[in-house]
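**Student:** Could you work out the structure for the sequence below:
(chains A and B)
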Amino acid sequence: MKSKIVLAMLMFFLICFLPANSQTDSKTGDNYTLLTMPYNKRPLTLYKGQFQVNAGYEFAVRIHSFDSDGNLKVLKDNGTASVFHNFCLKIKFGITDFLEFAAETNYLKKGIRSVTMQYLSSSTESITVNTVNETRGLGDLLLITSLRLPISYKWFDFGIKGGLFLPTAKYKPSRPTHTITETTVPNIFEINYHFNNTNGFGVPVYLLSSAVKFTLSKFSLESDFTFRKPVKEGENIRWDQVMTNKTFTYFNQPYKYLLNRVIDINASIHFQATGWFNIQLNSNYYRSGGGWTEYWGDKYRNPDEQLFSLEPGFEIRMSPAFTVYEFASIPLSGKNIDAPFCMLFTVTYNLFPFKK
Amino acid sequence: MKKFILICLNLLIGSIATGQSEKMVLPSDLKQQTVVTEPITLRKGYFRAGTRFTYIAQDKHFKESGGREYWPYSSWSTSYGLTFSLSYGITDRIQISLFVPLDYYHLESYYLIETPLLGMDYSLSINAKGRGLGDCNFMIWYQVIPEKEKKISLTVGNHIITPTGQKNFTDNISTTNKYGLPIGNSYNIPTGEGCVQVAAMLLAKKIHYPYSYSAFAKYTYSFWGSKLMRPDYTSENRFKKGNNIFISCSFDLLLNDWIAFENQLNYSHTEMGKIEYEETVTTDPTWDICYSPSLIFQIRRFRISEIVLVPLLGKNTNSDPAYSLSVGYIF
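**Tutor:** Residues are numbered from 1 along each chain as shown, chains lettered A, B, ... in the order given. The predicted structure follows:
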């Protein structure tokens, strides 16, 4: 009897003191579960209290463009291909499970060369003219509010967005920085025109968007439609120059403009291979037109632009806080537009700052 | 009762104290070590086969006076490289590596020329390509102070670059119009440097899980060689590339068990080079400072790396980022 009592006490002791390190199931709605939610189970907006920072870098090689008839032009054949670098920053916050606020901007760097012209007057007189149009600077600040259906996401979601580009960025071009490269022969020299453009719209631009998402097991479909329109006409300056004795004098003249209206449509299919890995194929259609630009007092309609691209990509969750996105953009058809091949790399940081 | 109390106390101590235990290290675990946790050299008998793709588009350069500017001419140049590598751990401390690069260069230029006196406009286009085997190179590493807990490992190495790539411009073809003015030029760009280079290397690394720190220094000496210095030259000129000093610091961290984030800051300085024409001329010295972040995915024995090299400062050299993707497998 005594040994049974000892054994029973021993068992009780074991149960009390030996910690059971068995796996525990995360509670639905805890921070870890929400932060590691795979794409096919995520709604269109952030969860309540979720804060997200997206830092992205886009590298584009502009070696093709489409002309007004939709024919592909190879820019590298005439030496005018170029690259551009675009750095993006986006901050999002989930006010409720159905309402999200976001702010974003970008920093763009690109330089587009024109065909070099050489003027040969004689064997001892030659002028070479190079032109680079550089665009560089911060973009306007975009503020967006997103709203989705007030239901838990299971297989269908629908949302709308409204936003405004505030003209916070510099939009007037800086004074050109043309230079002259001289040689040992007095009448043989190079003129290097260098125009310094900025990245701002110059006027407020509003944005309306809607999105829809369906999930069927590991597959998801998402589509969005975005419309962007300037609030009003803008006024800017255009620099010109006069060269006297190899010295430049610059002057500028004001002109008016109306930005194009833009329609942007995305449709993507996603496959959630595992909880941390999602691959997708997006198709993007971009169309802009309806704007004009003033030259010498007359308004000239901006060319209508169209571009259709395919964008394969993937998402990798590295930790509950960090996720990496990578996309490539392959232009397939278009009109009146550059057709760069782009690579976009984004790191996302997520947290719930006010939730324990 | 005494026995019972003793048993309970024993169990209590056993349950609370997670006693020290020797970690069982399996060969398969060693093959799956990440760039943060692995030693500098491969372990004895291990191979690592890899390939690395690199892409650079020439758009900007660092000027003589410092600062960055776009190449002004209507010219477009890209280079792709595919390097195959094979490394082998002779012992736990000695590793040898062989690198076989395949290079592809492409240059296209286009100019419009107006001659008012002749009343004629015409264009001149240059189309140059280079593809083929680059300069194969060998490396040997020796761990002088091997990796031990809380200690810095120190490794020395030697790098030999052999001129296996085509060193001369070939197939230089010029075309002219009916007035004898040049309108086109095409040639093959060499894929090799045309000289032997030898380098001494020193690498120190400290692992402080989940971080690792390393410092690397390399001095490359270039021997004299000879090659055609321009596509239109018919005879080779002797030349000597400037010797190069390369210093790099790296801070790596594990984002999770299988993804590492590597941050490198590199400084490179190339001394003045020489070319023997009728008179000996010198080439400008160059230097640059680059930042290179990379994401390295360790998926079992596979290692996939994405690397970007971003030039920050420099002089007399290209300032374009380089993009690399590499895949390695250890066996």
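**Student:** Need the pLDDT of the closest residue to A:Asp157 other than its chain neighbours.
**Tutor:** Distances taken as Cβ to Cβ, 6 or more residues apart in numbering or on different chains put A:Lys213 closest to A:Asp157, at 4.5 Å, once the chain neighbours are dropped. In this view, the C-beta of every residue, glycine as well, is placed from N, C-alpha and C. Looking at A:Lys213, its pLDDT stands at 94.
**Student:** now swap in A:Ser68 and tell me
**Tutor:** pLDDT at A:Ser68 comes out at 91.
**Student:** Wait, the residue nearest to A:Asp157 touches A:Asn266, no?
**Tutor:** No. Applying Cβ atoms under 8 Å, one finds A:Lys213 not in contact with A:Asn266, separated by 11.5 Å.
**Student:** Could you check which of these two is surrounded by more residues?
**Tutor:** A:Lys213 (23 against 18; other Cβ atoms under 10 Å in any protein chain shown).
**Student:** What strand or helix carries the more buried one?
**Tutor:** According to DSSP states H and E, A:Lys213 maps onto strand A:205-216.
**Student:** dump the residue contacts of A:Ser114.
**Tutor:** Residues near A:Ser114 by Cβ atoms under 8 Å, 6 or more residues apart in numbering or on different chains: A:Thr80, A:Asn130, A:Thr131, A:Val132, A:Asn133, B:Ser74.
**Student:** could you point out the longest strand in chain B?
**Tutor:** strand B:94-115 (DSSP state E).
**Student:** Spit out the contact partners of the residue nearest to B:Ile113 when sequence neighbours are not counted.
**Tutor:** Of all residues not flanking B:Ile113 in the chain, A:Gln118 sits nearest, at 4.6 Å (Cβ to Cβ, 6+ apart). By Cβ under 8 Å, 6+ apart, A:Gln118 lies in contact with A:Ser126, A:Ile127, A:Thr128, A:Val129, B:Tyr111, B:Leu112, B:Ile113, B:Glu114.
**Student:** Show me which residues of the stretch 51-200 of chain A sit near chain B.
**Tutor:** When proximity is defined as Cβ under 8 Å from any Cβ of the partner chain, the stretch 51-200 of chain A approaches chain B at A:59, A:61, A:63, A:75-83, A:85, A:111, A:113-122, A:130, A:132, A:134, A:190, A:192, A:194.
**Student:** Would you mind listing what in chain B touches chain A?
**Tutor:** Of all the residues in chain B, those lying near chain A are B:3-4, B:7-8, B:11-12, B:15, B:57, B:59-60, B:70-76, B:108-117, B:125, B:255-256, B:259, B:295, B:320-321, B:323, going by Cβ under 8 Å from any Cβ.
**Student:** can you give me the strands in the stretch 51-200 of chain A?
**Tutor:** Applying DSSP state E, counting those that start in this stretch to the stretch 51-200 of chain A gives strands spanning A:51-62, A:64-66, A:72-74, A:82-94, A:99-113, A:116-122, A:125-138, A:141-148, A:156-166, A:179-182, A:188-197.
**Student:** Bridged to B:Gln143, which residues?
**Tutor:** B:Gln143 has the following beta-bridge partners by DSSP bridges: B:Thr155.
**Student:** give the contact list for it.
**Tutor:** Neighbours of B:Gln143 in contact, by Cβ under 8 Å, 6+ apart: B:Pro39, B:Ile40, B:Thr41, B:Asp92, B:Arg93, B:Ile94, B:Ser153, B:Leu154, B:Thr155.
**Student:** give me that answer again for 7 Å
**Tutor:** B:Pro39, B:Ile40, B:Thr41, B:Arg93, B:Ser153, B:Thr155 (Cβ atoms under 7 Å, 6 or more residues apart in numbering or on different chains).
**Student:** export those to JSON lines and tack on neighbour count and distance to B:Gly165?
**Tutor:** Written out in JSON lines, the entries for those read as follows (neighbours: other Cβ atoms under 10 Å in any protein chain shown; distance: Cβ to Cβ, whole Å):
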{"residue": "B:Pro39", "neighbour count": "20", "distance to B:Gly165": "32"}
{"residue": "B:Ile40", "neighbour count": "19", "distance to B:Gly165": "28"}
{"residue": "B:Thr41", "neighbour count": "28", "distance to B:Gly165": "28"}
{"residue": "B:Arg93", "neighbour count": "20", "distance to B:Gly165": "32"}
{"residue": "B:Ser153", "neighbour count": "20", "distance to B:Gly165": "34"}
{"residue": "B:Thr155", "neighbour count": "24", "distance to B:Gly165": "28"}
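**Student:** so which of those residues would you say is closest to chain A?
**Tutor:** Of all the contacts of B:Gln143, chain A sits closest to B:Pro39, with 24.4 Å by Cβ to the nearest Cβ.
**Student:** Now do that closest one, the pLDDT please.
**Tutor:** 76.
**Student:** Pull up the gap between the nearest residue to it once chain neighbours are set aside and B:Thr78, please.
**Tutor:** Spatial nearest neighbour of B:Pro39, excluding adjacent residues (Cβ to Cβ, 6+ apart): B:Glu147 at 4.2 Å. Here the distance between B:Glu147 and B:Thr78 works out to 40 Å (Cβ to Cβ, to the nearest Å).
**Student:** now swap in A:Ser123 and tell me
**Tutor:** Distance from A:Ser123 to B:Thr78, counting by Cβ to Cβ: 34 Å.
**Student:** which one of the two has more residues nearby?
**Tutor:** A direct count of neighbours by other Cβ under 10 Å for A:Ser123 and B:Thr78 places B:Thr78 higher, at 20 against 8.
**Student:** Let me see the contact set for the more buried one.
**Tutor:** B:Ile56, B:Ala57, B:His106 are the contacts of B:Thr78 under Cβ under 7 Å, 6+ apart.
**Student:** can you tell me which residues contact the residue nearest to B:Tyr105 when sequence neighbours are not counted?
**Tutor:** What sits nearest to B:Tyr105 in space, not counting adjacent residues and going by Cβ to Cβ, 6+ apart, is B:Gly130, at 4.0 Å. By Cβ under 7 Å, 6+ apart, B:Gly130 lies in contact with B:Asp103, B:Tyr105, B:Asn188, B:Ile189, B:Pro190, B:Thr191.
**Student:** Can you tell me the element B:Gly130 falls in?
**Tutor:** Per DSSP H and E: strand B:120-133 holds B:Gly130.
**Student:** re earlier: local confidence estimate at the residue nearest to B:Ile113?
**Tutor:** In this model, A:Gln118 carries a pLDDT of 89.
**Student:** Same check on A:Ala267?
**Tutor:** pLDDT, read off for A:Ala267, is 96.
**Student:** Please identify the helix or strand for it.
**Tutor:** Under the assignment here (DSSP H and E), A:Ala267 is part of strand A:261-274.
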